[in-house]
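Visitor: Have a look at this prediction, sequence included:
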Amino acid sequence: MARRTLEDLFVHLLSDTASAEKQLVKALPRMARNAASPDLQAAFTAHLEETQGQVERIDGVVEATGLKLRRMKCAAMEGLVEEAAEVIEEIEKGPILDAALIAAAQKVEHYEIASYGTLVALGRQLGYGDAVKLLQATLDEEKSTDEKLSLLAEVGGANSRAQTAWRQGPEGPAAAHTAATARAERRPPVRRRGVARHLAAAHAAARPSHGGHARRPAP
């Protein structure tokens, strides 16, 4: 259906957001299972409950406005969920995967913040007072979740633990230093025989003879 009016645009964005939230409900349990940090696991689990409540709020918006959602799939959220799945497949469970999961989750939050912010603005223009209150509540939750994820990355030390893991891992500087040391130990010593012979000859020539005079080197 063409979007010719603000109401058409509102319905389209609300339908898209409803699809996004339902996709996230399916993705969060896997993200929680693959998080190594108990705090991150708890954050994903808590946000799953929040997201389920946000789906119900969208139903409340539909009821308050008398609008009907369209059947559609949010392509943006589909891509974000696939990105999270890729890092789970590619990175071993641990601090580096935790940092990658936080990054993936914050991309999701930023997308949702933009979506709900737009819906709140359109709802106000359309005079959907009750719907705006519901949408604003979800927007506040999304901003709060984003802040919590930032704290987990910084204060919780996910990024610091990831950096330590890299430094101590097979591709980090610690491994590189160990490899360089091993190569140096295997390298044969530098032979300086020519220099040693020259110095020995010079020393012998300068040594006094039995007559008390220094021996002159043969021409």
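Guide: Looks like it arrived, so ask away.
Visitor: By average pLDDT, which secondary structure element in the chain comes out worst?
Guide: helix 158-168 (a mean of 50; mean pLDDT, DSSP states H and E).
Visitor: where does the protein have low pLDDT?
Guide: Across the chain, the ranges flagged by pLDDT under 70 are 1, 156-219.
Visitor: In it, which helix is the longest?
Guide: helix 95-126 (DSSP state H).
Visitor: buried set for that one?
Guide: Using 16 or more other C-beta atoms under 10 Å as the test for burial, helix 95-126 gives 95-105, 108-109, 111-113, 115-116, 118-120, 122-123, 126. Just so you know, the C-beta spots here come from the backbone N, C-alpha and C atoms, and that holds for glycine as well.
Visitor: Likewise for stretch 35-43?
Guide: A35, A36, S37, D39, L40, Q41, A43.
Visitor: How about residues contacting that stretch?
Guide: 32-33, 44, 93-95, 97-98, 101-102, 145, 148-149, 152, 156, 158 (C-beta atoms under 8 Å, 6 or more residues apart in numbering).
Visitor: Number of residues surrounding L151?
Guide: Neighbour count of L151, defined by other C-beta atoms under 10 Å: 13.
Visitor: Check Q23 too.
Guide: 19.
Visitor: Where does it sit: helix, strand or coil?
Guide: Classification of Q23 using DSSP: H, G, I helix; E, B strand; the rest coil returns helix.
Visitor: My understanding was that it contacts M77; is that so?
Guide: Yes. Using C-beta atoms under 8 Å, Q23 is in contact with M77, at 4.8 Å.
Visitor: Quickly name whichever of the buried residues of stretch 35-43 is closest to D130.
Guide: Within the buried residues of stretch 35-43, proximity to D130 (C-beta to C-beta) peaks at A43, which comes in at 30.3 Å.
Visitor: So which residue is dead centre in the chain?
Guide: A100 (3.0 Å; C-alpha atoms, centre = their mean).
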